[in-house]
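*Asks:* Quick one: sequence plus predicted model below, questions after.
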Amino acid sequence: MDPLIADDKIFDNALLTEVRPGRSIHMLHLVPETQAGGASESERVTYFFVHGSMATMQQFEGQITALRDTSEIVAWDMYGCGKSPKPYEWDAYSHKEQYQDLLTIYDTYAGKRNIVVGHSYGSSMSLQLASERGQQHEKPILGVVTIGPGFGPSHYPSGSIKLFRYPLILLQLMAPLLRMGFKERAVHKETLERKNPTHDRLVARIEASAGGNPMHVCKAFYQQLDWATPEQIQRLTTPVCIIVGEADKMTPPAYSHALEEQLASTETVPSVELHLVPKTSHQVMQEQPEQVTDLILSFVAKLSNKT
C-alpha cells in the first residue's frame, strides 16, 4: 500500500477547483446522500477542515470518514500544499492569499449550521475566520475546533520560522536536516514504536512524505505567516473547543492553555473547553482519530442542545 495515498477512497472525489479567478486548489466537497434520523438540510452540519502549515487535508482522514455519512464536508489542500499547484510566485503563498481562499470557500459552501476545524496554523486561520463570520453572520459559525493550536503572542516569531529567511539555495541544501527531526516532533514516542496498524501507517506516511513540500513554497509561506492576534480573538462570538496532544512539541500544551485563558477572558465567547489527549503529540487527530472525532461530536452536540 502506497504510504502517500489515503486509505479511504473518499479522497478520490477531490478535484482541482477554481475558488477564485485564476486560482485553483485541490478540494473535497461531500454531501451525504441520506440524512440519519431524517435530518433536514437546514439541520445538517457542514464541517470545514483547515489543515496546518505545509500539510494536506488527508491528515483529517479519520474525522472526515467518520462524519461523511451524516454531515457535509469541505476540505482542501492549501495553495502550495498536497496536490494543489506550487508555482514560483512569492505572493501566492502569503497569509493574505491563503486566508482569502478560506473566506471565499466558506462563503461559497457554508450552510445553516457550520463548524470549522483547524489544525496548528489552520487553527489560527479558523479563529480569524470566526472573528469575521461569527454567530450573527447570515451563514454563522456555530463553533470552532482548534487542534494543536499555535497562539500568536507565544508562538511567533519562533526559531524555525527565522530559518526561512535564509536564501532559497541554502534552504534547499539544508532541507534534509530540516526534515530529519519532524517525525520525532510530530508524533508521540509510543506512536513511533508502531505497535498497531494506525500508528504503523501514520509513521510510514510521515517518512514517505518527507521532502514533499518544495523549499520555494516553504520559504514564501513561513515568511508571510500572520497568526491570530488577541484583538481578533476578542471579536469572537463562537464557542471554542481546544484539543491538544499531551506531548506536542510543535505547539506545546502551554500554547493551548494561553489560548484558553485569552478566550475565557473574552466576554463575547460563550464557552471554551480544553482537552489534553494522552500519549499523543502534534498529529493528535491521526494518532487517536476516534477519540478526537468523539470530542468534536460531543462539542457539536452541546451546541445543538443550545440552539
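*Replies:* In hand now; what should we look at? Numbers count the residues shown, from 1 in each chain.
*Asks:* which residues of the stretch 1-150 of the chain score low on pLDDT?
*Replies:* Low-confidence segments of the stretch 1-150 of the chain (pLDDT under 70): 1-8, 34-42, 135-136.
*Asks:* That one: helices as residue ranges?
*Replies:* Taking DSSP state H, counting those that start in this stretch as the criterion, the stretch 1-150 of the chain carries its helices at 61-67, 95-109, 121-132.
*Asks:* and if you look at the stretch 201-307 of the chain?
*Replies:* Counting by DSSP H, counting those that start in this stretch, the helices of the stretch 201-307 of the chain are 215-223, 230-233, 253-264, 284-287, 289-306.
*Asks:* ok, now how distant is A92 from D101?
*Replies:* A92 is 10 Å from D101, where distance means C-beta to C-beta, to the nearest Å. No exception for glycine: its C-beta is placed from N, CA and C like everyone else's.
*Asks:* if you count what's nearby, which of the two comes out ahead?
*Replies:* More crowded of A92 and D101, by other C-beta atoms under 10 Å: D101, with 20 against 17.
*Asks:* so of the helices of the stretch 1-150 of the chain, which one's packed in deepest?
*Replies:* Greatest average neighbour count among the helices of the stretch 1-150 of the chain goes to helix 121-132 (a mean of 26), per mean count of other C-beta atoms under 10 Å.
*Asks:* sorry, back to before: determine the residues that are contacts of both of A92 and D101.
*Replies:* Listed as contacting both A92 and D101 by C-beta atoms under 8 Å, 6 or more residues apart in numbering are 23, 79.
*Asks:* I242 is in contact with E260, correct?
*Replies:* Yes: between E260 and I242 a contact is recorded at 5.9 Å, counting by C-beta atoms under 8 Å.
*Asks:* Overlap of the contact sets of those two?
*Replies:* With C-beta under 8 Å, 6+ apart, E260 and I242 have common neighbours 272, 274.
*Asks:* Looking at the two, which one has more neighbours?
*Replies:* Neighbour count, other C-beta under 10 Å: between E260 and I242, I242 has more, with 26 against 20.
*Asks:* pLDDT value on the more buried one, please?
*Replies:* Looking at I242, its pLDDT reads 98.
*Asks:* Just list whatever residues bridge to it.
*Replies:* Per DSSP bridges, the residues bridged to I242 are T146, L274.
*Asks:* any idea how far it is from V19?
*Replies:* According to C-beta to C-beta, I242 stands 28 Å off from V19.
*Asks:* returning to that earlier point: for the helices of the stretch 201-307 of the chain, give me CSV that also has distance to Y88 and mean pLDDT.
*Replies:* Listed next are the helices of the stretch 201-307 of the chain as CSV, based on distance: least, C-beta to C-beta, whole Å; pLDDT from 0 to 100:
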stretch, distance to Y88, mean pLDDT
helix 215-223, 6, 92
helix 230-233, 31, 88
helix 253-264, 33, 92
helix 284-287, 31, 95
helix 289-306, 36, 92
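*Asks:* Nearest to L142, out of those?
*Replies:* Minimum separation from L142 across those (C-beta to C-beta) falls at helix 289-306, 5.1 Å.
*Asks:* Relative to the whole chain's centre, how far out is that closest one?
*Replies:* Computed by C-alpha atoms, centre = their mean, to the nearest Å, the chain-centroid distance of helix 289-306 equals 17 Å.
*Asks:* Show me what it is packed up against.
*Replies:* Packing partners of helix 289-306 (3 or more C-beta pairs under 8 Å, 6 or more residues apart in numbering; DSSP states H and E): helix 61-67, strand 113-119, strand 141-147, strand 240-245, strand 272-277.
*Asks:* closest to E184 out of these?
*Replies:* Closest to E184 of the helices and strands packed on helix 289-306, according to C-beta to C-beta: strand 240-245, at 13.4 Å.
*Asks:* Out of the helices of the stretch 1-150 of the chain, flag the one nearest L173.
*Replies:* The closest of these to L173 is helix 121-132. By C-beta to C-beta, the value is 25.3 Å.
*Asks:* This completes my enquiry, with thanks.
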